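Undergrad: Dropping the sequence and predicted coords here.
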Amino acid sequence: MSVQFPFSAIVGQDEMKLAILIAAVDPSVGGVLVFGDRGTGKSTAVRALAAMLPKMRAVVGCRYHCDPEAGGSACEDCKALKLAGTPVKSHLIPVPVVDLPLGATEDRVVGALDLERALSQGVKAYEPGLLARANRGFLYIDEVNLLEDHLVDLLIDVAASGENVVEREGLSVRHPARFVLVGSGNPEEGELRPQLLDRFGLSVEVKTPTDLPSRIEVVRRRDQFERDPAGFTEKWKKEDERVRRSIVKGKSRIAEVLVPDAALERAAQLCMALGTDGLRGELTLIRAARALAALQGAAAVSDEHLKRVAPPALRHRLRRNPLDDAGSTVRVDRAVAELFGA
């Protein structure tokens, strides 16, 4: 197993790292889209996440690693065990972080039904795909803006329903497929389809560092890692462990974080000022602010939390304004300054 570059050792890119941590604390935020220059640590940060996540409890032998406490969201096999009154054994497993390559076939993504075995033996034989492996975890797509349209359509359906349905020649299999979608890409290589863009809760812009000390530190750390991966990882182990503990604590206390009416009002006012479509902007803004508050150990969502998460939660939800050629980040920052004060 290859050693991943430590999450804590990534220089700068604070907004990207924060968005990933927020999604880890509260998957209902809806995933993270990371757009920016090549070589800015996008893939490195996402792949480093796998080593950061605390283990999760899953049913022993379940191909979809269902939560033993899950009710209606469990797979058919786990539901059958509960109905039969069979004791359910569980164990701790790593949270899956699954790569979806651009050239993947549909069968590899959704899974494959063995029609020959079904016809000859009457057995519904199903080989789970990447969506099954990613259930309760993270599905990562590098160069997501280059993904083929038929796979985009498929992901939109599954992301909306939380369930993958495979149908072939009258046979049908369905299983839970709830995952945090994480995508990265270079905007110069094409835009993302609006329907898929809307499925990402947070959108992050990353840029090449422009200050000399940061650039030097990036090169120094990468060089040290490539020369001695194990030693470099050990050096950052304590800091990674600190971040992991913050994720665990954030997940445990997020249900207790209060969202005052004033915070709801602020979120709605901000979205109205920016003219975002629908109400998904407000929902994402509140969820992200609550996850940030939980990460920081705050008892309630405040203006500071809303201000911090407003750009990633809203920048990809703005309509193009022909009378305003400012970028979406500038427009969000301007609206935040007007509503909350500079």
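TA: Cool, the structure landed. Numbering: from 1, shown residues only.
Undergrad: residues touching the closest residue to residue 30 other than its chain neighbours, list them.
TA: Once flanking residues are discounted, residue 30 sits nearest to residue 201: 2.8 Å by CB to CB, 6 or more residues apart in numbering. For every residue, glycine as well, the C-beta is placed using N, CA and C. Contact analysis of residue 201 by CB atoms under 8 Å, 6 or more residues apart in numbering lists 23, 29-32, 284, 287-288, 313.
Undergrad: redo that, cut-off 10 Å
TA: Going by CB atoms under 10 Å, 6 or more residues apart in numbering, residue 201 touches 19, 22-23, 26-33, 180-181, 280-281, 283-285, 287-288, 309, 312-313, 316.
Undergrad: now do residue 27
TA: Residue 27 is in contact with 136-138, 178-181, 201, 251, 287, 291, counting by CB under 10 Å, 6+ apart.
Undergrad: Tell me the pLDDT of it.
TA: The model reports residue 27 with a pLDDT of 90.
Undergrad: if I look at it, how far off is residue 156?
TA: According to CB to CB, to the nearest Å, residue 27 stands 17 Å off from residue 156.
Undergrad: Likewise for residue 310?
TA: 25 Å.
Undergrad: Which of those two has more residues huddled nearby?
TA: Just comparing residue 310 and residue 156: by other CB atoms under 10 Å the higher neighbour count belongs to residue 310, 25 against 15.
Undergrad: Quick check: which element contains the more buried one?
TA: Residue 310 is part of helix 303-314 when elements are defined by DSSP states H and E.
Undergrad: what do you get for residue 178?
TA: Judged by DSSP H and E, residue 178 forms part of no helix or strand.
Undergrad: show me where the stretch 51-200 of the chain has strands.
TA: Assigned by DSSP state E, counting those that start in this stretch, the stretch 51-200 of the chain shows strands spanning 56-59, 90-93, 97-99, 111-113, 126-128, 138-142, 163-168, 171-176, 180-185.
Undergrad: Buried deepest among those strands, which one?
TA: Neighbour counts (mean count of other CB atoms under 10 Å) averaged over each of the strands of the stretch 51-200 of the chain peak at strand 180-185, with a mean of 25.
Undergrad: elements contacting that one?
TA: helix 14-25, strand 32-36, helix 42-52, strand 138-142, helix 149-161, helix 194-197, strand 202-206 (3 or more CB pairs under 10 Å, 6 or more residues apart in numbering; DSSP states H and E).
Undergrad: May I see these arranged in CSV, with distance to residue 75 as well?
TA: Shown next, in CSV, are those (distance: least, CB to CB, whole Å):
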stretch, distance to residue 75
helix 14-25, 24
strand 32-36, 26
helix 42-52, 23
strand 138-142, 17
helix 149-161, 14
helix 194-197, 26
strand 202-206, 29
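Undergrad: Out of the ones you listed, flag the one nearest residue 260.
TA: Residue 260 lies closest to helix 14-25 among the helices and strands packed on strand 180-185, at 19.4 Å (CB to CB).
Undergrad: With only the CA atoms kept, save the closest one in CSV.
TA: Extracted C-alpha coordinates of helix 14-25, given in CSV (Å, rounded to 0.1, in the frame of the first residue of the first chain):
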residue,chain,number,x,y,z
ASP,A,14,-6.7,26.7,3.8
GLU,A,15,-10.1,27.0,2.1
MET,A,16,-9.7,23.6,0.4
LYS,A,17,-8.6,21.8,3.5
LEU,A,18,-11.4,23.4,5.6
ALA,A,19,-14.1,22.4,3.0
ILE,A,20,-12.8,18.8,3.1
LEU,A,21,-12.9,18.7,6.9
ILE,A,22,-16.5,20.2,6.9
ALA,A,23,-17.6,17.4,4.5
ALA,A,24,-16.0,14.8,6.8
VAL,A,25,-17.8,16.2,9.8
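Undergrad: chain center to that helix: distance?
TA: 9 Å (CA atoms, centre = their mean, to the nearest Å).
Undergrad: Name the residues of it that are buried.
TA: Within helix 14-25, the residues that count as buried by 16 or more other CB atoms under 10 Å are 15-25.
Undergrad: still on that earlier bit, so which of the helices and strands packed on strand 180-185 is nearest residue 173?
TA: The nearest among those, by CB to CB, is helix 149-161 at 13.5 Å.
Undergrad: which helices and strands does that closest one pack with?
TA: helix 106-110, helix 130-133, strand 138-142, strand 163-168, strand 180-185, helix 194-197.
Undergrad: Over the second one, what's the mean pLDDT, rounded is fine.
TA: Think helix 130-133. According to the model, helix 130-133 has a mean pLDDT of 91.
Undergrad: in this protein, what secondary structure element scores lowest on mean pLDDT?
TA: helix 115-121 (a mean of 61; mean pLDDT, DSSP states H and E).
Undergrad: sorry, back to before: now the helix holding residue 310: buried residues?
TA: 305-314.
Undergrad: Could I get these in JSON lines, plus columns for distance to residue 103 and pLDDT?
TA: Shown next, in JSON lines, are the buried residues of helix 303-314 (distance: CB to CB, whole Å; pLDDT from 0 to 100):
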{"residue": "305", "distance to residue 103": "40", "pLDDT": "94"}
{"residue": "306", "distance to residue 103": "41", "pLDDT": "94"}
{"residue": "307", "distance to residue 103": "41", "pLDDT": "92"}
{"residue": "308", "distance to residue 103": "38", "pLDDT": "93"}
{"residue": "309", "distance to residue 103": "34", "pLDDT": "94"}
{"residue": "310", "distance to residue 103": "37", "pLDDT": "92"}
{"residue": "311", "distance to residue 103": "33", "pLDDT": "92"}
{"residue": "312", "distance to residue 103": "29", "pLDDT": "93"}
{"residue": "313", "distance to residue 103": "32", "pLDDT": "92"}
{"residue": "314", "distance to residue 103": "33", "pLDDT": "91"}
